[in-house]
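K.L.:
Only the shape, not the letters, is given here:
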DNA sequence: ATGGCTCTCTTGTGATCACGTTTGCGGGTC
DNA sequence: GACCCGCAAACGTGATCACAAGAGAGCCAT
């Protein structure tokens, strides 16, 4: 009989937290979708306690919104809030890219190109969730080089808040072309062109989210 | 017999959360100070459950750090992290000030001057906690005019992370002069001078935190 | 006197339960 | 057919408990 290997690495609430977090960030949950503690506990096979901790953490990060009665749901963002979060993305990500630039060597650029190819694949398959995931991976891979964990954490918090909204955007948009500005980012990295990099990142971040604000 | 008025507005975990949060943000707790769930529960007169929720939320926001064993304490920040958080403050607060500028009318400027006078009082009393609180109130009052709640929330998260460290700084520094750059901020607001405002805010935010990184 | 070891007390975790509230559905009325 | 009211099921909250892990004090040996 095999001994049961105790899962040292993660406590239950951490497992639930991570599961919900990636699901939200990757846009697998539509805006306005409601969640219940007992339902989460059933799904992750634990009691309400770890589910509560995970949910509270996500509420604190703005990934979930809580009604006055304590019911929790994926947030439906107003246009003002989307504009604000886009501005925050631009602000922080431009800084992160700028800090990553001096440390960007060839291996990093090649990895970015690989991810970009994946994005092209995923886009042709009309896979919104895959697109969001790959797109964020592209950005995160670049920003990891900035060696600025606090900034990256803030950045990911913004991504998290925008997750369900990005899903709503990209499923409506049904884009078929791979992101144009990613190539500009890579080119600027190769050339060591900081102003060009800043502009490319800012544009890439802003362009997609502008369309949401324009819908109404 | 008086009827017991049920406290509608706040649940227990919210009360605990707010209490701990302002205590941390205002620098009333030194870096590295340990907290226990049962101790918090005793202090706020509740069981461990609300204490746990509040603590987990603060850990998620970076206001408290949690060891691998789950013990929780006020964080002792490395110099790199302080530099990073200072850069984040500069980035976000400059943007907030810039957005507040077009909406800043005379009543706001007068309120800022009143707060600044309070800071002068508090500084002469060598009251570090009072100084931090008034200083943050000065900034928050200005940024509220920006009408950007998501940005302000991020900003306050950074303040929260820096709370205990600011305490450590200002108690060591024992400054006796009121903040110089606050006058520059007010002057730029009066003049409608955006570049001057951006520079003044950036300098005000950065100057204090540079000294910490220089200690070592 | 000091370094290492053990034991105990304390801590965090997760499960369960009772309670008050809310939500949503179904039947009755206009 | 539409609207409103009432009831039952489901929900979040907070308390309590059992358990395992860890920290710290005290003791012994060197």
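P.N.:
Right, received. Where do you want to start? Here the structure is a predicted model, which means the values were calculated and not measured.
K.L.:
wait, residue A:93 sits on residue A:136?
P.N.:
No - the pair residue A:93 / residue A:136 is not scored as a contact, 11.1 Å apart, by C-beta atoms under 8 Å. Heads up, the C-betas are built off the backbone N, CA and C, glycines and all.
K.L.:
check contacts around the closest residue to residue A:145 other than its chain neighbours.
P.N.:
Leaving out its chain neighbours, the residue that sits closest to residue A:145 by C-beta to C-beta, 6 or more residues apart in numbering or on different chains is residue A:100, at 3.9 Å. Residue A:100 is in contact with A:142-146, counting by C-beta atoms under 8 Å, 6 or more residues apart in numbering or on different chains.
K.L.:
Let's see which of those end up in strands.
P.N.:
Counting by DSSP state E, no part of those is found in strands.
K.L.:
By neighbour count, which of those wins?
P.N.:
With neighbours taken as other C-beta atoms under 10 Å in any protein chain shown, the top of these is residue A:142, carrying 26 neighbours.
K.L.:
Next, the contact list for it, please.
P.N.:
Shown in contact with residue A:142 (C-beta under 8 Å, 6+ apart): A:96-97, A:100, A:104, A:108, A:112, A:185, A:189.
K.L.:
how about low-confidence regions in chain A?
P.N.:
Chain A contains residues with pLDDT under 70 at A:1-9, A:173-178, A:212-216.
K.L.:
Need the three-state assignment for the residue sitting nearest the centre point of chain A.
P.N.:
Closest to where the C-alpha atoms of chain A average out (C-alpha atoms, centre = their mean) is residue A:159, at 3.9 Å. Following DSSP: H, G, I helix; E, B strand; the rest coil, residue A:159 is assigned to helix.
K.L.:
Show me chain A divided up by domain.
P.N.:
A:12-73, A:79-215 (automatic domain parsing).
K.L.:
Of these, give the one that comes closest to residue B:55.
P.N.:
Among the domains of chain A, domain A:12-73 comes nearest to residue B:55, with 10.0 Å by C-beta to C-beta.
K.L.:
out of the contacts of residue A:142, which is most surrounded?
P.N.:
residue A:97 (26 neighbours).
K.L.:
Wait, the residue nearest to the centre of chain A touches residue A:135, no?
P.N.:
No - counting by C-beta under 8 Å, residue A:159 sits too far from residue A:135 to count as a contact (9.8 Å).
K.L.:
what are the ranges of the strands in chain A?
P.N.:
Taking DSSP E as the test, the strands found in chain A are A:34-35, A:65-66, A:72-73.
K.L.:
so which of these is the most packed in?
P.N.:
Highest mean neighbour count of those: strand A:72-73, a mean of 18 (counted as mean count of other C-beta atoms under 10 Å in any protein chain shown).
K.L.:
Sheet partners, orientation included, of that strand?
P.N.:
Sheet partners assigned to strand A:72-73 using DSSP bridges are listed as strand A:34-35 (antiparallel), strand A:65-66 (antiparallel).
K.L.:
Is there contact, residue-wise, from that strand to DNA strand C?
P.N.:
No - applying C-beta under 7 Å from any atom of the strand, one finds strand A:72-73 separated from DNA strand C by no less than 9.9 Å.
K.L.:
Near DNA strand D, which residues of chain A are found?
P.N.:
So chain A meets DNA strand D at A:6, A:35-39, A:48-49, A:52, A:66, A:69-72 (C-beta under 7 Å from any atom of the strand).
K.L.:
Could I have the buried ones of those as ChimeraX selection syntax?
P.N.:
To isolate the buried members of the residues of chain A next to DNA strand D in ChimeraX, using 16 or more other C-beta atoms under 10 Å in any protein chain shown:
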select /A:35,37,52,72
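K.L.:
I'd like the residues of chain A next to DNA strand D as CSV, with distance to residue B:171 appended.
P.N.:
Listed next are those as CSV, based on distance: C-beta to C-beta, whole Å:
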residue, distance to residue B:171
A:6, 44
A:35, 44
A:36, 47
A:37, 43
A:38, 48
A:39, 48
A:48, 43
A:49, 39
A:52, 37
A:66, 37
A:69, 43
A:70, 40
A:71, 44
A:72, 40
